[in-house]
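Participant: I need the structure of the sequence given here:
(chains A, B, C and D)
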Number of protein chains: 2
Amino acid sequence: MTEKRRSRVTLQQVANHAGVSRATASLVVRGSPHISKETREKVLNSMKELGYVYDRVAANLRSHRSSTVGLIITEIGNPFFSDLLAGVHESLDQEGYTVILGTTFDSPAKQDELLSTMLEYRVGGVIMSPVPGCSVDMVERLKQWGIPVVLVAREELPMRQFDYVGIDNVAGGRLATKHLIQQGHRRIAFIGGFSGSSVWRDRKKGYCEALEQAGIELDESLLIQSLTTRKGGMEAMKRALELPNPPTAAFCYNDVVAFGAMLGLKEVGMMPGRDIAIVGFDNIQESAIFHPPLTTIAAFPERIGVHAAHILHKRMTGETSEPKRLILQPELVVRESSSGIPHSS
Amino acid sequence: MTEKRRSRVTLQQVANHAGVSRATASLVVRGSPHISKETREKVLNSMKELGYVYDRVAANLRSHRSSTVGLIITEIGNPFFSDLLAGVHESLDQEGYTVILGTTFDSPAKQDELLSTMLEYRVGGVIMSPVPGCSVDMVERLKQWGIPVVLVAREELPMRQFDYVGIDNVAGGRLATKHLIQQGHRRIAFIGGFSGSSVWRDRKKGYCEALEQAGIELDESLLIQSLTTRKGGMEAMKRALELPNPPTAAFCYNDVVAFGAMLGLKEVGMMPGRDIAIVGFDNIQESAIFHPPLTTIAAFPERIGVHAAHILHKRMTGETSEPKRLILQPELVVRESSSGIPHSS
DNA sequence: TTACATATTGTAAACGAGTACATGAAATGT
DNA sequence: ACATTTCATGTACTCGTTTACAATATGTAA
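Facilitator: Numbering: from 1, shown residues only, chains lettered A, B, ... in the order given. Modelled structure (predicted):
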């Protein structure tokens, strides 16, 4: 505390020091072409000398622009979202935006709260992964205020009115299930997740389609919901094993659930990939190094983030075309967890 | 685009609608006790009716306060940091702060850039994990402006002038190495990381201390640096195995490196925990589910985040005591990766 | 009734910048 | 030499709040 606490240097002070008016200094700061070289340099020197720092907050207030964007995700804990965040962040950084982050933990109340906060902070745009059962009102409100919103990863409600970037979950479910069928399985469980979410319904739809195509009848008891956590996956798998006629394979809601399921198997002495086949969803980094390595559906979270950021940027700079829907195609990544031959039936 | 784009409702409009002055409305917004119940309700009603939203940006500008804090970390990809982020985020959320995020990828230039940006955005405080070799100037500058800074996880340079929350890396290194020695190992490599970072030096110090205490001489060739990524760990392990007298155990810079090292082992047909013992550092969630489960040193990233947030909050609300140093004690978590008995010597 | 304390509410000047418009000087054309 | 254009800079108002300070209303004691 030996240094005296400096207060903010204002543009006015810079202007005085350089012997020009504040307006001129402002033009210099913003790199206007209507300023002579000499004046520009005079001002720049004064800025350096006084240690001026631009006040983006004041500037945004006056100019009705905003260089911050809000990013609302479910939780950082899930690598799917931290990858998505990385993608968004990197792209927006490049364009000079600053991101403010919020996590909903799938609570609609928290989501509304976050949206309010972002509104209060004058964000220029929002990228969000909506919570299941989220009401469209709040999001509508943002749009009414001219704040563009890009939805990612999940598509809840009739939100066709917004830009959306995600993957084709139906195709993903189909890919996963087909793969298991090709491996010779006929009793395939769909494990984890919550039927309230659009993602679950889509993946299940793909699952059903693949079954139907192979002439396998859907057995509702093989649809085992759970929290989308490791623990949830573990419990769901245990419930599956307790079934009178247990499955020989499982398509898991996502990789995290799949990890849980595999841990559950190991606990009762079964080996995923040998005693029972497992397929996950997302292809998060960990899935390659799990033991056994997890067969999964690549969902490219980082790419989703990059695209969303890109669309948002365009909206924020005035593009007003129809809402875009960008649906990435998932890819099957075969590893060892699905190599097992069914024991029975 | 059928809805008309609304523009911001101002406090003035609310005041007019309620038939009071703007100042009164302002007091209501901020919950001042000097307002009669009736007026308060009148104003609150008008707010609701007009759809008023508080403009925190304008408010902060005027009041010289700020309810945003900057969080600067190395990368989200490493679960250590995403856990830290989760801790910070949760605590600050509760106190009503909003966090803006930046990642340096260990580039000093990027770090300076981020600090500048945060300055421009009038953050009220900063929590950062400094990059190795970072200059103190920029951070000093923040402090001169009265913006409190809390350092986390890494302690670079002579930064005793700042608040700091981290863990005792020396003790951690000692714990890990001691454990391996107790398992009967005498040739123990220290794998991964970069000697330029304070964390590396501290963990190495603990490693050396444990060796010395056991009467084992330090073999410099067993200090194998690498990038702190999975790939880096893999390469480092391969280099270790090519040594004329390879190690029977490895203490890895962190869990991510340890994963890489274990993958490297598997590639050449060796089994971590049987053919060679591995200990990691951080105890990220994945370490429990890796195969084999990783023995590691728990570093409690989330707890670090929570504490840092707490200290920052106190600083932002006026506490001016001496810089605090909060050093958490690491804990050894024994799992299967370190259970191997050394083959030779 | 007058004076005075007390509880409220209003007035007006900030905060630090952007920007339309006016002004002035220099450069050009005739 | 004068009118006209071009370029650079200054004037003055604005964004939506906070906050000293002044002003009003209400109630109470003398």
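Participant: Every contact and neighbour count from this point should use C-alpha atoms.
Facilitator: Will do.
Participant: Please, where are all the strands along chain A?
Facilitator: When assigned using DSSP state E, the strands of chain A occupy the ranges A:68-73, A:98-103, A:125-128, A:149-152, A:163-167, A:188-191, A:223-224, A:249-252, A:277-279, A:296-298, A:325-328, A:331-333.
Participant: Nearest to B:Gly31, out of the ones you listed?
Facilitator: Between B:Gly31 and the strands of chain A, the tightest spacing by C-alpha to C-alpha is seen for strand A:98-103, at 25.3 Å.
Participant: other SSEs contacting that closest one?
Facilitator: Helices and strands touching strand A:98-103, by 3 or more C-alpha pairs under 8 Å, 6 or more residues apart in numbering or on different chains; DSSP states H and E, are strand A:68-73, helix A:79-94, strand B:98-103.
Participant: Paired strands for the first one, with orientation please.
Facilitator: According to DSSP bridges, strand A:68-73 forms sheet pairs with strand A:98-103 (parallel), strand A:125-128 (parallel).
Participant: Give me the contacts around the shortest one.
Facilitator: When contacts are taken as C-alpha atoms under 8 Å, 6 or more residues apart in numbering or on different chains, the neighbours of strand A:125-128 outside the stretch itself are A:68-73, A:147-152, A:308-309, A:312, A:316.
Participant: quick one on the thing from earlier: with mean pLDDT and distance to DNA strand D as extra columns, can I get the strands of chain A in CSV?
Facilitator: Below are the strands of chain A laid out as CSV (pLDDT from 0 to 100; distance: least, C-alpha to the nearest atom of the strand, whole Å):
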stretch, mean pLDDT, distance to DNA strand D
strand A:68-73, 95, 16
strand A:98-103, 93, 20
strand A:125-128, 96, 17
strand A:149-152, 94, 20
strand A:163-167, 95, 26
strand A:188-191, 97, 48
strand A:223-224, 97, 49
strand A:249-252, 97, 47
strand A:277-279, 96, 51
strand A:296-298, 97, 45
strand A:325-328, 95, 32
strand A:331-333, 97, 47
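Participant: mind giving me JSON lines with those and columns for distance to DNA strand C and mean neighbour count?
Facilitator: Putting the strands of chain A into JSON lines (distance: least, C-alpha to the nearest atom of the strand, whole Å; neighbours: other C-alpha atoms under 10 Å in any protein chain shown) gives the following:
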{"stretch": "strand A:68-73", "distance to DNA strand C": "15", "mean neighbour count": "25"}
{"stretch": "strand A:98-103", "distance to DNA strand C": "17", "mean neighbour count": "23"}
{"stretch": "strand A:125-128", "distance to DNA strand C": "18", "mean neighbour count": "27"}
{"stretch": "strand A:149-152", "distance to DNA strand C": "23", "mean neighbour count": "25"}
{"stretch": "strand A:163-167", "distance to DNA strand C": "27", "mean neighbour count": "24"}
{"stretch": "strand A:188-191", "distance to DNA strand C": "54", "mean neighbour count": "27"}
{"stretch": "strand A:223-224", "distance to DNA strand C": "56", "mean neighbour count": "20"}
{"stretch": "strand A:249-252", "distance to DNA strand C": "51", "mean neighbour count": "30"}
{"stretch": "strand A:277-279", "distance to DNA strand C": "53", "mean neighbour count": "31"}
{"stretch": "strand A:296-298", "distance to DNA strand C": "44", "mean neighbour count": "25"}
{"stretch": "strand A:325-328", "distance to DNA strand C": "32", "mean neighbour count": "15"}
{"stretch": "strand A:331-333", "distance to DNA strand C": "46", "mean neighbour count": "18"}
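Participant: Distance to A:Leu44 for those strands - can I get that in a markdown table?
Facilitator: As requested, the strands of chain A are exported to a markdown table (distance: least, C-alpha to C-alpha, whole Å):
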| stretch | distance to A:Leu44 |
| --- | --- |
| strand A:68-73 | 26 |
| strand A:98-103 | 25 |
| strand A:125-128 | 32 |
| strand A:149-152 | 37 |
| strand A:163-167 | 41 |
| strand A:188-191 | 62 |
| strand A:223-224 | 65 |
| strand A:249-252 | 59 |
| strand A:277-279 | 60 |
| strand A:296-298 | 50 |
| strand A:325-328 | 44 |
| strand A:331-333 | 53 |
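Participant: Select, out of these, the one closest to B:Asp275.
Facilitator: Using C-alpha to C-alpha, the nearest of those to B:Asp275 is strand A:277-279, at 28.6 Å.
Participant: The closest one packs against which elements?
Facilitator: Contacts of strand A:277-279 with other secondary structure elements, assessed using 3+ C-alpha pairs under 8 Å, 6+ apart, are made with helix A:169-182, strand A:249-252, helix A:255-267.
Participant: 6 Å instead?
Facilitator: Here strand A:277-279 is seen to pack against strand A:249-252 when contacts are counted using 3 or more C-alpha pairs under 6 Å, 6 or more residues apart in numbering or on different chains; DSSP states H and E.
Participant: partners of the strand it packs on in the sheet?
Facilitator: Determined by DSSP bridges, the sheet partners of strand A:249-252 are strand A:188-191 (parallel), strand A:277-279 (parallel).
Participant: Next to DNA strand D in this structure, residues from chain A, please.
Facilitator: The interface of chain A toward DNA strand D, taken as C-alpha under 7 Å from any atom of the strand, is made up of A:19-24, A:33-36, A:38-40, A:58, A:61-63.
Participant: Filter those down to the ones in helices?
Facilitator: Taking DSSP state H, the ones among the residues of chain A next to DNA strand D that sit in helices are A:Arg22, A:Ala23, A:Thr24, A:Glu38, A:Thr39, A:Arg40, A:Ala58, A:Leu61, A:Arg62, A:Ser63.
Participant: Would you mind trimming the residues of chain A next to DNA strand D to those in range of DNA strand C?
Facilitator: Among the residues of chain A next to DNA strand D, the residues within reach of DNA strand C (C-alpha under 7 Å from any atom of the strand) are A:Arg22, A:Ala23, A:Ala58, A:Leu61, A:Arg62, A:Ser63.
Participant: Thanks again, I'm all set now.
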